[in-house]
Each structure stands twice: as C-alpha cells, then as structure tokens.
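Asker: just coords:
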Ligand code: GLY
C-alpha cells in the first residue's frame, strides 16, 4: 500500500518530512498527520498557526483545529481555543466517543485543561508588535498572504487516510469568529474508501461550498484526485463569482486512496508532497485558464 502525504504551504516542509518518516517506519496516518501539523504549530516564525499566530481584533491568539480518521469517519475539532499548545492534538483526542466531538471557547479550554494538555501563551513579542502596528490600519480581513491554515492529508501502509488542520484564523478577526478549518466537510474530510481533502484560504468562502466534502464526493463518483480538486474548487469559484461578482482566495488539496494527489487553487499556492519513491517535494500551483498548473518550487525556501 502506498504511503503518502500532502500538506499546505511551504511552512509544512519540515512537518511533511516528519510525517513521511513516521509512515516509512510503519507508523499510522493519524500519527503522521498529527505530528506534521504539530511541528508547524510550534514554529513561531509561521504567523497563521499556533505559537506566533496573529491575534484577533482584541489582541488574543485564539486557535482552531480539526482531525478526521478516514476508517471510522470519526472527527474531533476545537475552535476559539486560547492558551494551549497544540489544537490538533486536542482535536484528535476528541474523536473518541459518539458525542462531544467539537468543542469551542471556554468549553474547549476546560476540556484541554482537564485532560492534561500543555498550556501555552501563543502570543509572541513579534505577533504583539505586528498587532500594535497594524490594528488601526487593517480594515478588510483576508487570508494571510503566503501562509494560512496548515492542512495535512496522510495515507499509511494499512490504507488508512487521515486529515488534520490548524490555524489562528484571520488576523484581526472578530472575537469568536470561526472559519472553515475546524469544520468537518469544509476545512477537511477523510474517507479511507475514497480519498481525503483539506482547504486553506478565506474560510467564509470555503464554508459556502463545503469544499472538502465536495472534493471527496467527486472522488467517490470516480474523479481522480487531480480532477476532484480542480472541479470542486472551480465549481465553487464559478458559483461565487456568478452570485457575488467575486471569489476570494481558496486552495484545496486532495489525496486518493491509491496515494495519488491533486490541487485546485484560485491563487498562487505552494504546497508539499511526500511518498516513498520521490521523497518530500515542494511545489507551486497557480490558476491558469480554469485549470491548476503545478510546477516544482524553485524559489528560495523560506
Ligand atoms: N482558512 C482559515 C480561516 O479562514 O480561518
């Protein structure tokens, strides 16, 4: 069985190496996805995830994360969580049980504390300085240019697919605002009998199309990972432009049960893949005439 990973943005590079290492040693897709995302959460130079994430309008770093097991379709998610190290680990722990799988705000924090998850003030000095400098200037919110949600899709030697996501959301968002990242079907979805998908970009747009489930549903109908990513993204973009005159930034990654992957995007979008044959590689995708063109990423890795 193929072992594979696909992850969003350049910032996922070291995490993808960690995830592939876990898979190559016979580890599970769940561990590979969790550890890959968690590494990104811990790196303060990434300004849209975990430690070092940019704050909301009131200066608080509040985090969202999700996790899904494609064998059982069980998911766990947290949203508007403040003061803990790893939303993805907390989200993953919530897949246990038939209820209480998605916790928000104070309830999520109470759960994390009760269950011994590591606390951390995720507001770094750098993020505080950016907030102090920008808070009067920023009027329109947008997905952060060049970084946004970290998403990992992983496939292990047993054929299990998993999806994991984490974000600090939009810089200067309203307190309590939640985007697509922790919402199953929008920010992520995994079904080991078909494929997995995860999204990054403007959460309010992605939520309008339940974008990740739309892609997995197309794979269920026989679309390849590439066809599903392009079609799901393209259909939502077309619909939004028709209804509202524009579509904001969105990108989508897919991983099929045979280890093949795909990407759909309406902006320039770096991403990372890994498999046993080719190792871990960095790519850049861009939209061109309704299709997604993908090339090896040649720019300096930052
Ligand atoms: N895609 C992340 C967000 O909109 O919060």
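Answerer: That came through fine. Quantities reported herein were computed from a predicted structural model and do not represent experimental measurements.
Asker: if I look at whichever residue of the stretch 201-302 of the chain sits closest to the ligand, how far off is residue 250?
Answerer: Closest residue of the stretch 201-302 of the chain to the ligand, CB to the nearest ligand atom: residue 203 (2.4 Å). Where C-beta positions appear, they are placed from N, C-alpha and C, glycine not excepted. According to CB to CB, to the nearest Å, residue 203 and residue 250 sit 9 Å apart.
Asker: So for the closest residue to the ligand within the stretch 1-150 of the chain, what's the pLDDT?
Answerer: Residue nearest to the ligand within the stretch 1-150 of the chain (CB to the nearest ligand atom): residue 149, separated by 4.4 Å. Per-residue pLDDT puts residue 149 at 94.
Asker: Residue 116 too?
Answerer: pLDDT for residue 116: 97.
Asker: name the element it belongs to?
Answerer: Residue 116 is part of no helix or strand, with elements assigned from DSSP states H and E.
Asker: Report the distance from stretch 18-36 to the chain centre.
Answerer: 16 Å (CA atoms, centre = their mean, to the nearest Å).
Asker: Any buried residues in it, and which?
Answerer: 18-20, 22-23, 27-36 (16 or more other CB atoms under 10 Å).
Asker: hmm, back to that, list the contacts of the residue of the stretch 1-150 of the chain closest to the ligand.
Answerer: 8, 48-49, 165-167, 179-181, 187, 198-201 (CB atoms under 8 Å, 6 or more residues apart in numbering).
Asker: How about the secondary structure of residue 242?
Answerer: helix (DSSP: H, G, I helix; E, B strand; the rest coil).
Asker: Specify which member of the contacts of residue 149 is nearest to residue 85.
Answerer: Comparing the contacts of residue 149 against residue 85 with CB to CB places residue 166 closest, at 11.0 Å.
Asker: Doesn't that closest one belong to a strand?
Answerer: Yes: assessed with three-state DSSP, residue 166 lies in a strand.
Asker: gap between it and residue 26?
Answerer: Residue 166 is 25 Å from residue 26, by CB to CB.
Asker: okay, residue 141: pLDDT?
Answerer: So, for residue 141, pLDDT stands at 68.
Asker: cool, residue 300 as well?
Answerer: Note on residue 300: pLDDT of 52.
Asker: burial measure for residue 108, as a count.
Answerer: Neighbour count for residue 108, taken as other CB atoms under 10 Å: 28.
Asker: three-state assignment of it?
Answerer: Taking three-state DSSP, the label given to residue 108 is helix.
Asker: looking at it, it is touching residue 90, isn't it?
Answerer: Yes: using CB atoms under 8 Å, residue 108 is in contact with residue 90, at 7.1 Å.
Asker: ok, and the most crowded of the contacts of residue 149?
Answerer: Neighbour max across the contacts of residue 149 (other CB under 10 Å) = residue 199, 37 neighbours.
Asker: Then it would be within a helix, right?
Answerer: No: read with three-state DSSP, residue 199 is strand and lies in no helix.
Asker: outside of stretch 271-288, which residues touch it?
Answerer: Taking CB under 8 Å, 6+ apart as the rule, stretch 271-288 contacts 2-10, 12-13, 16-17, 19-20, 23-24, 251, 253, 259, 261, 263, 265-270, 292-297, 299, 301.
Asker: Narrow these to those in strands?
Answerer: Applying DSSP state E to the contacts of stretch 271-288, the entries found in strands are 4-8, 251, 253, 261, 263, 265, 269-270, 292-296.
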